[in-house]
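Participant: missing the sequence, but the structure's below:
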């Protein structure tokens, strides 16, 4: 295959047949350099207009190539998506399933494609009576199905359940997890099939089973005992760090998790070979065992604490040795949890700052998304992101703009060239406003509003009948029923139908007689701010709370926001101290005389 890649490389300029090229691109994708990848992407763009709009297979292979090289190149994805949309009525179940899977891997979202394929897949429900085909339909349609379609899918798969193979049952359980299913009868039936075939599953499949069963709140002592035995048997003979980490992860999810000394020693032995994902997985599992193992309720054993210290050491060491932003991104992009936030986040930001000259039009949206997710305010990183947008905006796809704007909005920060930065972002996105996913468009407007930046074109795009109709079609299946305290009822409590809701009685403690206040009176809004209202690393108010304060002030309120770090400080540890503090904040008075 390496020779084929070399031949393609030497003859790339003369190749004019995109069908043949797309086949070769998929075949050699795992062997080629980043520079060659970019050359192939450019060549594909040049040849794309030479193909007929009905060439679905060529478009699918192009998307598959982008997935293989982990490159969400929006211009090509968008052009392939148009091919799929124009042929959606001719796509079969296999094609739709593959395309949606590729989109998911590339984190490419097309509201229009999902809407059209959902209709197409719904029409297929009565057509399949064989388990293999219907399972594929269940897995593909289930996560996007409306209530009626979901009911049909579940009732049919329940009737077919006795005929399901081990892999089909696994696929159904995974889809039910994604659907957040609460159908206890179906969950119990699929779990029984998984139990019957448990010896046939690989370690990674056992992890998927454990995750799904725990997420779906399934309880079975017999099944969990069998799962633990199998996981331990695999773990005792495993020497691969990634496999050991997933087995330990699965064990830690089961009831009463426990790590004995032999397993701790096994983990310690592979730590020097682990990447950040493995280290994070181990740390999360150890913390879970400490929290839920009955043996550790009164004290944390020294061996577990020493293991956590070693995990911290190897994590920091790996970050300090990192010399490539792209390699760093591959390891940190999916990191989450308390251990990463408490032990490695600051060191990760330091590493990003050290490598920030490598931020460019290709990776700027990824880095911005990471900063948003961590709630860590680094002005130097945000300034670098803004600079890249201003210098390389023509190369940045408009669909990436929302991710880029988000950290500035969430963390309540304006770069030095504020107006130019937001203006460039909006100008770049204007021609795409009509095709954006409705929810993305609303979120874009919200994000800019937190920074007090209002675009006339954006407001016109949102506040028009056509857009509101699209938004309504996307929200039509979202239903939330509130209890008498205006809190959402749990899913299982939704035993009423719309139009037959129980009467809710409420009383107002105050009587509003008019909008005017007595002379000298003032409307006051008092808000207690917990840690979520501030950036993780400094007491800087985040965008949502800052905007809330502005809006209340526009409504005529004197807004008093009380930070948790002041209210819970030693200085306010007594009732009198807190009363004096409130009196000072509300009335501007000093200490009480009592």
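Facilitator: Sure thing, it's come through. All figures in this text were calculated on a predicted structure; none of them were measured in a lab.
Participant: where does pLDDT dip in the stretch 451-594 of the chain?
Facilitator: 474-515, 589-594 (pLDDT under 70).
Participant: give me that answer again for 80
Facilitator: 470-517, 520, 588-594 (pLDDT under 80).
Participant: ranges for the helices of it?
Facilitator: 456-462, 465-475, 543-554, 564-567, 575-587 (DSSP state H, counting those that start in this stretch).
Participant: could I get those as a markdown table with mean neighbour count and distance to residue 228?
Facilitator: Yep, even glycine has a C-beta here, placed from its N, CA and C like the rest. What follows is these, written out as a markdown table (neighbours: other Cβ atoms under 10 Å; distance: least, Cβ to Cβ, whole Å):
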| stretch | mean neighbour count | distance to residue 228 |
| --- | --- | --- |
| helix 456-462 | 14 | 52 |
| helix 465-475 | 13 | 43 |
| helix 543-554 | 16 | 43 |
| helix 564-567 | 14 | 41 |
| helix 575-587 | 13 | 50 |
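Participant: out of the ones you listed, which gets nearest to residue 166?
Facilitator: Closest of the helices of the stretch 451-594 of the chain to residue 166 is helix 465-475, at 36.3 Å (criterion: Cβ to Cβ).
Participant: still on that earlier bit, can I get the helices of the stretch 451-594 of the chain in JSON lines with distance to residue 262?
Facilitator: Formatted as JSON lines, those follow (distance: least, Cβ to Cβ, whole Å):
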{"stretch": "helix 456-462", "distance to residue 262": "60"}
{"stretch": "helix 465-475", "distance to residue 262": "52"}
{"stretch": "helix 543-554", "distance to residue 262": "48"}
{"stretch": "helix 564-567", "distance to residue 262": "43"}
{"stretch": "helix 575-587", "distance to residue 262": "52"}
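Participant: so which of those comes closest to residue 222?
Facilitator: Across the helices of the stretch 451-594 of the chain, closest to residue 222 is helix 465-475 (Cβ to Cβ), at 42.4 Å.
Participant: which of the helices of the stretch 451-594 of the chain sits closest to residue 253?
Facilitator: helix 564-567 (31.7 Å).
Participant: now for the closest one, which elements pack on it?
Facilitator: Helix 564-567 is packed against strand 523-529, helix 575-587, with contacts defined by 3 or more Cβ pairs under 8 Å, 6 or more residues apart in numbering; DSSP states H and E.
Participant: residue 267 - nearest residue in space that isn't next to it in sequence?
Facilitator: Using Cβ to Cβ, 6 or more residues apart in numbering and skipping the chain neighbours, the partner closest in space to residue 267 is residue 282 (5.8 Å).
Participant: phi, psi for the one you found please.
Facilitator: Torsion angles at residue 282 (phi, psi; degrees, to the nearest 10) stand at phi -60, psi -50.
Participant: what's around it, how many residues?
Facilitator: 29 (other Cβ atoms under 10 Å).
Participant: wait, doesn't it sit right on residue 245?
Facilitator: Yes. Between residue 282 and residue 245 there is a contact at 5.6 Å, judged by Cβ atoms under 8 Å.
Participant: shared neighbours, the two?
Facilitator: residue 274 (Cβ atoms under 8 Å, 6 or more residues apart in numbering).
Participant: rewinding a little: distance of the residue nearest to residue 267 from residue 269?
Facilitator: From residue 282 across to residue 269, the span is 12 Å (Cβ to Cβ, to the nearest Å).
Participant: ok, residue 373 next?
Facilitator: Distance from residue 373 to residue 269, by Cβ to Cβ: 32 Å.
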